[in-house]
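Q: Would you be able to build a 3D model of this:
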Amino acid sequence: MKRITSMPPAVLFGLVAAVILDTIIQIKWKTAVSCAPNHASLISSALSAFRNPYFYVAMGAFLAQLFNWLRVLARADLSYAQPFTALSNITVLAFSSYTLHEKISPTRMFGVALILLGVVFISQTPVRTDEKALGVKAES
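A: Numbers count the residues shown, from 1 in each chain. Predicted structure coming up:
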């Protein structure tokens, strides 16, 4: 498959950061709520999370993710950048298995392989849509 365009370093860095931050968010979020009783009410679960420092790690990562995502979208089309964040499904699966001791079935592994294949296909497309084709004037 012929590569159509190369990814600018700022976009690559932002997308890698997005995957890392999302992985941190998901793992710390799960860790924060895992100390709540299984059949706790929504309010009890929330209060339990608020008392856990991992909850605040997740919130900090959410804030960092917001600023990172604004930078990525300033440099790449949403339809190009957003599918790359699906790579966090792979990292979350791996870290869930390693740190949370969750069992990973072959079906989940196959699903993650399909996600990876989709990202490979998307990476072969242009990072930005041609602004002339959209009827947008280039900035002077």
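Q: lowest-pLDDT helix or strand in this protein?
A: Lowest by mean pLDDT, DSSP states H and E among the helices and strands of the chain is helix 131-134, with a mean of 49.
Q: Show the subsequent helix or strand relative to the helix or strand hosting Ile27.
A: Using DSSP states H and E, Ile27 sits within helix 9-33. Using DSSP H and E, the helix or strand that directly follows helix 9-33 along the chain is helix 42-50.
Q: That next one vs helix 9-33, what angle?
A: Inter-element angle recorded for helix 42-50 and helix 9-33: 120 degrees (by axes from the mean of the first three to the mean of the last three CA atoms, to 10 degrees).
Q: looking at it, Phe55 is touching Trp29, isn't it?
A: Yes: using CB atoms under 8 Å, Phe55 makes contact with Trp29 at a distance of 7.5 Å. Placement of C-beta: from N, CA and C, glycine included.
Q: Point out the other helices and strands that the helix holding Ile27 packs with.
A: In this structure, helix 9-33 packs against helix 42-50, helix 53-75, helix 78-84, helix 87-99, with contacts taken as 3 or more CB pairs under 8 Å, 6 or more residues apart in numbering; DSSP states H and E.
Q: try 6 Å this time
A: The helices and strands touching helix 9-33, judged by 3 or more CB pairs under 6 Å, 6 or more residues apart in numbering; DSSP states H and E, are helix 42-50, helix 53-75, helix 87-99.
Q: Using PDB, write out every CA atom in the last one.
A: What it means is helix 87-99. Below are the C-alpha coordinates for helix 87-99, written out as PDB (Å, rounded to 0.1, in the frame of the first residue of the first chain):
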ATOM      1  CA  LEU A  87      -5.100   2.600  19.900                       C
ATOM      2  CA  SER A  88      -5.800   3.200  23.500                       C
ATOM      3  CA  ASN A  89      -8.100   0.200  23.400                       C
ATOM      4  CA  ILE A  90      -4.900  -1.900  22.900                       C
ATOM      5  CA  THR A  91      -3.000  -0.200  25.600                       C
ATOM      6  CA  VAL A  92      -5.900  -0.300  28.100                       C
ATOM      7  CA  LEU A  93      -6.400  -4.000  27.300                       C
ATOM      8  CA  ALA A  94      -2.700  -4.700  28.000                       C
ATOM      9  CA  PHE A  95      -2.600  -2.700  31.200                       C
ATOM     10  CA  SER A  96      -5.900  -4.100  32.400                       C
ATOM     11  CA  SER A  97      -4.500  -7.500  32.100                       C
ATOM     12  CA  TYR A  98      -1.200  -6.600  33.700                       C
ATOM     13  CA  THR A  99      -2.200  -4.200  36.500                       C
END
